[in-house]
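**Student:** Give me a 3D structure for the following:
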Amino acid sequence: MLFAANYKQVVLTLVGNLKQLRNFSEKLHLENNCQLIDNAINRLETNSFSIAVVGEFKRGKSTFINALLGQEILPSDVLPTTATLNRVTYGSQPLVKIIFKDDEQREIAINKLPSFVTKLTPECEAVAMTVKEAVIYYPVNCCRNNVEIIDTPGLSDDENMTAVTLSIIQKVDAAIMVTSALAPFAESEGNFITQKLLTNSLGCIIFIATGIDHFKRSQDADKVVKTIEKRIASFVEDWAKQQFDANSQEYKFYLNKIGKPKVFGLSAYQALSAKVNNNDALLNQSHFGKFELALQKLLREDREKIILQVVVNNVSAIATEIIQIINNQQYELELQQQNLSNKCYQLQNIILNFNKIKTKKILLVNPNNDKIKSQVNLLIQQLENRLKQTVERVIESIEVNSTDGIKLQQQCATYISSAVQSASQIIVEQIQNVIKQELSAAVWQMQSLLEIAPEVMHSVEIHLTQIDDDLGFQTSSLQRSNSLNQAFEQFNREQSSNLLILFTCSSETFIFKSELSGLSSVIGDVAGSLFDSLGKAVGVGFGNLQKAKNLKTNYKSKVIAEIENQLRSHQTKQAVDEYIYQVYKNLEVLKVKVDREINSWIENVQNTLAKVQGKQQALAENQRKILDTMRNETQTILNNALILSEQLYQNINLDKHDNFEKKTCINCGYANESTCRFCIKCGTRLTTNK
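**Tutor:** Down below sits the predicted model:
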């Protein structure tokens, strides 16, 4: 975008660029930028022009402004004086308006100004602390056409006053920096230029070296002025090299902002005295007239260019910040994507390891069925012997002290029934203990898996929710954990059911009654000849005690025979096998339930994880495209602004001469002014023509 005489077209282009940057700033939540942009647009739409007079305390800023006014209006002293902003603007009649910090305004006579804006006395300083600024209306020619000159508090005098000065720099179009010829440009002044003036949007910086009247020879004063110019140029170039690459646009931009420093050596004291006393010779000696001519030229010919330059500087600064913010956001976006990938990878590993643990533990839930059956068969084989031994022990333990055979039989039957069932129950418990012992390792594996599962599930879901809080799981870890625990509790309840007693009987099973034939019968379809062998005496009650004792032997054989018969009819081994089968079936149901539930959760989480990655990647890609578009458009605006800035700075030159040697660009052939370091057309670094 080459600068042309069509000021309005350039303004329209800049306004369009500013509005686009404002849109980007809103998207990036850069509220300060939005305010700066609004101020820049307002600057283009108004016809005001402001110049700030800045410098360290006691450099003669107030005296310099008084010399411009032609009267000692602003207070000055050998000690730091100015305590507020003093804004000088055109007025047909001298007048001062005091604006207080509470927005109250008061008009005062111009000779009362020191009482409100100085710190010459404690009373004045106390009043000055309540004043925001003083507006001085005065018929000074350089302030016609909405021009104002602002006298600022001295730098390094007071932190609050320094802050006031720095705040006003952001709002003015140009700055006049006042330094002393007697203290040629201190390091603090160099830092102020590079770190404060050049980093703001100023369109022009003019340098004044006051106090040349202290040199007896003019060549000495000229030498000091040249030294100051060199020191300024050196400060700026050294600073720019430290901050930017020598071939970068930023480096070129900041060198252009200072250009070739032009320092006006003058005596503001002599100029003020000359104007007050109408002493033309003294005025000529002060060299103040040369500066005033340059200032008039600047306000007459370069005013619009400087305003454009201020806005261009705003555009450049805002565009640079936006690009930096975008770069930071893109870097953060890449970090977020990398963090997301790392988290998803970690979650996948957790799920994979959990699945391996689950598979391993379920495989270990596999008790040795053959070993159980082998041990149980031994116990079943022991059952008959155990019952017979029990019968013998019980019958032998009964004392026969009655001749009543029926009564004795009933007594024996009761004892035997209870004893054989107890013996059977012992075998049952031993069988159950064998099964439980073999199942214990398998149950422990299942129990440990069910202890691990809820923690893993909950942890994974928490991490997923942290990645995307909009996630919803079809079945939460709590629900699945409850379902798994219920299945395990159901299995335990089923395992607590006892195996039926392997040999069941009642006392009537062992009661033998006489039939009409005189033969003996055993309840339970056991036929026998117990009483036949004992004779008729047994049928009528054993006859006598000896016969009753003989009965125990015969009775025992019949009971044992009955037990053998009962065992054959009970199918004991089949009952035990069915019990073992049911135990294994319940365990298999639990395994299937746990495996299916965990697999379902894993599938659900993996699907959710894939959706999260897809969603986040889509959002990141969309955000990346938006940022790329914003950066590319902002970079275009910045490039155009830098080229326009080069053109403007070439035209704004207080010491410009038409007969200077030209610099022809080796890239595009454009003839640039000799003061240019870079081609204003294509930006190529320039060398002096040979």
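**Student:** Strands of the stretch 101-250 of the chain, residue ranges please.
**Tutor:** With strands called from DSSP state E, counting those that start in this stretch, the stretch 101-250 of the chain shows them at 105-108, 131-138, 147-151, 174-180, 204-210.
**Student:** Would you map the helices across the stretch 101-250 of the chain?
**Tutor:** Using DSSP state H, counting those that start in this stretch, the helices assigned to the stretch 101-250 of the chain run over residues 114-117, 122-128, 159-169, 187-192, 218-243, 249-258.
**Student:** swap that for the stretch 301-450 of the chain, sorry
**Tutor:** Under DSSP H, counting those that start in this stretch, the stretch 301-450 of the chain gives helices at 303-364, 369-397, 405-467.
**Student:** got those as CSV, with mean neighbour count and distance to residue 560 columns?
**Tutor:** C-betas here are computed from N, CA, C, even on glycine. Shown next, in CSV, are those (neighbours: other CB atoms under 10 Å; distance: least, CB to CB, whole Å):
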stretch, mean neighbour count, distance to residue 560
helix 303-364, 17, 46
helix 369-397, 16, 5
helix 405-467, 17, 10
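**Student:** Kindly reformat the ones you listed as a markdown table containing distance to residue 618 and mean pLDDT.
**Tutor:** As requested, the helices of the stretch 301-450 of the chain are exported to a markdown table (distance: least, CB to CB, whole Å; pLDDT from 0 to 100):
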| stretch | distance to residue 618 | mean pLDDT |
| --- | --- | --- |
| helix 303-364 | 11 | 91 |
| helix 369-397 | 54 | 85 |
| helix 405-467 | 14 | 85 |
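**Student:** Kindly reformat those as CSV containing distance to residue 645.
**Tutor:** What follows is the helices of the stretch 301-450 of the chain, written out as CSV (distance: least, CB to CB, whole Å):
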stretch, distance to residue 645
helix 303-364, 5
helix 369-397, 90
helix 405-467, 46
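**Student:** Out of those, which is closest to residue 19?
**Tutor:** helix 303-364 (11.1 Å; CB to CB).
**Student:** Point out the other helices and strands that that closest one packs with.
**Tutor:** helix 7-27, helix 31-45, strand 49-54, helix 249-258, helix 405-467, helix 572-651 (3 or more CB pairs under 8 Å, 6 or more residues apart in numbering; DSSP states H and E).
**Student:** Could you export the ones you listed as JSON lines, including distance to residue 554?
**Tutor:** Converted to JSON lines, these look like this (distance: least, CB to CB, whole Å):
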{"stretch": "helix 7-27", "distance to residue 554": "111"}
{"stretch": "helix 31-45", "distance to residue 554": "114"}
{"stretch": "strand 49-54", "distance to residue 554": "137"}
{"stretch": "helix 249-258", "distance to residue 554": "124"}
{"stretch": "helix 405-467", "distance to residue 554": "11"}
{"stretch": "helix 572-651", "distance to residue 554": "27"}
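**Student:** Tell me which of those lies nearest to residue 219.
**Tutor:** helix 249-258 (26.0 Å).
**Student:** tell me the contacts of the residue most central in space within the chain?
**Tutor:** Centroid check for the chain by CA atoms, centre = their mean gives residue 336 as the closest residue, at 8.3 Å. Listed by CB atoms under 8 Å, 6 or more residues apart in numbering, the contact set of residue 336 reads residue 620.
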